[in-house]
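> Predicted structure and sequence below. I'll ask about it afterward.
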Amino acid sequence: MTCLNEGSVSRPAMGIGIASATVRVGAFLLLVGWGGGLCPKPVGAQAVAITNGEIHTVAGAVIRGGTVVMEGGVITAVGRDVAIPAGARVIDAAGKVVTPGLFDSNTRLGVVEISSYEGTSDGSSANDRMTAAFNVAEGINPNTTLIPVTRVEGITRAIVAPVPGASLIAGTGALINLGASRLPEIVVKTPVAMYAVLGERGAGFQGGARPLALLRLREAFQDAMDYADHRAAFQAGERRDYSLSRLDLEALVPVIRGELPLVLQVGRASDILTALSLKKEFGLELVLSGAGEGWMVAREIAAAGVPVMTEAISNLPSMETLGASYENVARMQEAGVTLILTSFDGHNVRNVKQEAGFAVSYGLSHDAALRAVTLTPAEVWGVADRMGSLEVGKVGDVVVWSGDPFEILTSVEHVFIEGVEISYETRQKALLEKYRSLEGRPPWR
């Protein structure tokens, strides 16, 4: 349950076509056994010094007129009076803002290409006997056209999350490196969390009633606990029948042991409190997702030490979240809740920047917003020792912006992933160039 090849990265592919097949990584995962330890650094990454910039390290104070140095794919120096290595490429960032690469914690990157075409969607299981064991990492397409258009917007890391299909337990997600162009390098960590849903959507899987969904989830956890304690007896046919398949039970064992986070989608305040009671009952490592009415029970969330993964541009009331508010994020932060901002998207992951900016406009501090899309996600998903901030020893995921990254007119000037500047060729850019001039083409009639 750690990086597969954390340091390895290739310069992004220049192709613009839609990939026709999904490459599987299951065999590789079995071969490496998901082992631990540091992984190889990128080969041939040129030393780079970004100078004179307004450096937002996230881990510390803003450094104005500072320098960030990357060598061998990692950050080797950050500060004002920093020696620049001989032969390094120097980028003058005077008047620019320098930040870590952004981190979106809930996307569909690599598992959905065309939403309306079922053959390009690998993000959910329609088999109710194979849900918790469903792992999106084994269906990620590194050649998706959605990754290039995402990373040129300053997003360098993302969680690919499953979507509930046939059950309120959706399966496990994976952390990916948007600078990699092939398997297995694109997968940084898997599984990163188990995903499930309660509330209105969860109730829909169990006849439309919230209590039934809660009973079903409790039964799944209880079965997983019993299975973990009596594997040998189960194999010998000496245990009662379980509500889940053997593979689903195996996948849930790390969850009920508190070794793998459970991301639980809830919206209503009462459902949030139910989720917190489940955490206490089973000793879960819980992360709340959505939490549209989170501000109403923010003190309880903070007291339970549960992070919240949410969006800011959403206040349309529904029966699920009648108390939705644009100030939801800021109010939760004021109460001490650990926050992650995310897009909950696949085709428009770049909007995570606007989510952060919108949250700032409704009361969230700018520093907290930047942390919510960089270091906090890295901490919650267990990779903060390697990424999420501009610190010596961390991977060289660095973005140079023309101004405030959360302002809609700000542009990205340079994106480095593990010390290598990414390609700016995307399908959208190719289409723009193709149709920039209509000279020689017949007029539209």
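Perfect, thanks for sending it.

> Dump the longest helix anywhere in the chain to PDB, restricted to CA.
In the chain, with assignment by DSSP state H, the single longest helix is helix 210-229. Extracted in PDB, the C-alpha atoms of helix 210-229 (Å, rounded to 0.1, in the frame of the first residue of the first chain):
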ATOM      1  CA  ARG A 210     -31.600   5.400   5.400                       C
ATOM      2  CA  PRO A 211     -31.900   2.900   8.300                       C
ATOM      3  CA  LEU A 212     -31.700   0.000   5.800                       C
ATOM      4  CA  ALA A 213     -28.500   1.400   4.300                       C
ATOM      5  CA  LEU A 214     -27.000   1.900   7.700                       C
ATOM      6  CA  LEU A 215     -27.900  -1.700   8.600                       C
ATOM      7  CA  ARG A 216     -26.300  -3.000   5.400                       C
ATOM      8  CA  LEU A 217     -23.100  -1.100   6.000                       C
ATOM      9  CA  ARG A 218     -22.900  -2.300   9.700                       C
ATOM     10  CA  GLU A 219     -23.500  -5.900   8.500                       C
ATOM     11  CA  ALA A 220     -20.700  -5.600   6.000                       C
ATOM     12  CA  PHE A 221     -18.300  -4.300   8.700                       C
ATOM     13  CA  GLN A 222     -19.400  -7.000  11.200                       C
ATOM     14  CA  ASP A 223     -18.900  -9.700   8.600                       C
ATOM     15  CA  ALA A 224     -15.400  -8.400   7.700                       C
ATOM     16  CA  MET A 225     -14.500  -8.400  11.400                       C
ATOM     17  CA  ASP A 226     -15.700 -12.000  11.800                       C
ATOM     18  CA  TYR A 227     -13.900 -13.100   8.600                       C
ATOM     19  CA  ALA A 228     -10.700 -11.500   9.700                       C
ATOM     20  CA  ASP A 229     -10.800 -13.400  13.000                       C
END
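
> ok, Val74 to Pro184 distance?
20 Å (C-beta to C-beta, to the nearest Å). Every C-beta, even on glycine, is put in place using the N, C-alpha and C of the backbone.

> What count of nearby residues applies to the nearest residue to Ala368 once chain neighbours are set aside?
Using C-beta to C-beta, 6 or more residues apart in numbering and skipping residues adjacent in sequence, the residue nearest Ala368 is Gln333, 5.5 Å away. When counting by other C-beta atoms under 10 Å, one arrives at 23 neighbours for Gln333.

> in what helix or strand does Gln333 lie?
helix 328-334 (DSSP states H and E).

> C-terminal to that helix, what's the next element?
Helix 328-334 is succeeded, C-terminally, by strand 339-341 (DSSP H and E).

> what's near enough to touch the nearest residue to Ala213 once chain neighbours are set aside?
When the adjacent residues along the chain are set aside, Ala213 lies closest to Gly202, with 4.0 Å between them (C-beta to C-beta, 6+ apart). Gly202 makes contacts with 164, 168, 196, 210, 213, 217, 265, as judged by C-beta atoms under 8 Å, 6 or more residues apart in numbering.

> so which two of those are the farthest from each other?
Maximum pairwise distance among the contacts of Gly202 (C-beta to C-beta): 15.1 Å, between Pro164 and Arg210.

> What score does the residue nearest to Val412 when sequence neighbours are not counted have for pLDDT?
Nearest-residue entry for Val412: Gly154, 4.9 Å, with adjacent residues in sequence omitted and distances by C-beta to C-beta, 6+ apart. pLDDT for Gly154: 98.

> What is the burial count for Gly154?
Gly154: 26 neighbours (other C-beta under 10 Å).

> picking that back up, what I need now is the contacts of Gly202 written out in a markdown table, including pLDDT, distance to Glu54 and neighbour count for each item.
A markdown table is the format used below for those (pLDDT from 0 to 100; distance: C-beta to C-beta, whole Å; neighbours: other C-beta atoms under 10 Å):
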| residue | pLDDT | distance to Glu54 | neighbour count |
| --- | --- | --- | --- |
| Pro164 | 88 | 42 | 20 |
| Leu168 | 93 | 45 | 25 |
| Ala196 | 97 | 41 | 28 |
| Arg210 | 94 | 48 | 17 |
| Ala213 | 94 | 48 | 25 |
| Leu217 | 96 | 47 | 24 |
| Gln265 | 97 | 37 | 25 |
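
> What are the buried residues along stretch 322-337?
Within stretch 322-337, the residues scored as buried using 16 or more other C-beta atoms under 10 Å are 323-325, 328-335, 337.

> Can I get the residues you listed in CSV including distance to Val112 and pLDDT?
Output for the buried residues of stretch 322-337, formatted as CSV (distance: C-beta to C-beta, whole Å; pLDDT from 0 to 100):
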residue, distance to Val112, pLDDT
Gly323, 31, 88
Ala324, 26, 89
Ser325, 30, 92
Asn328, 27, 96
Val329, 26, 97
Ala330, 31, 97
Arg331, 32, 98
Met332, 29, 98
Gln333, 31, 97
Glu334, 35, 98
Ala335, 34, 98
Val337, 30, 98
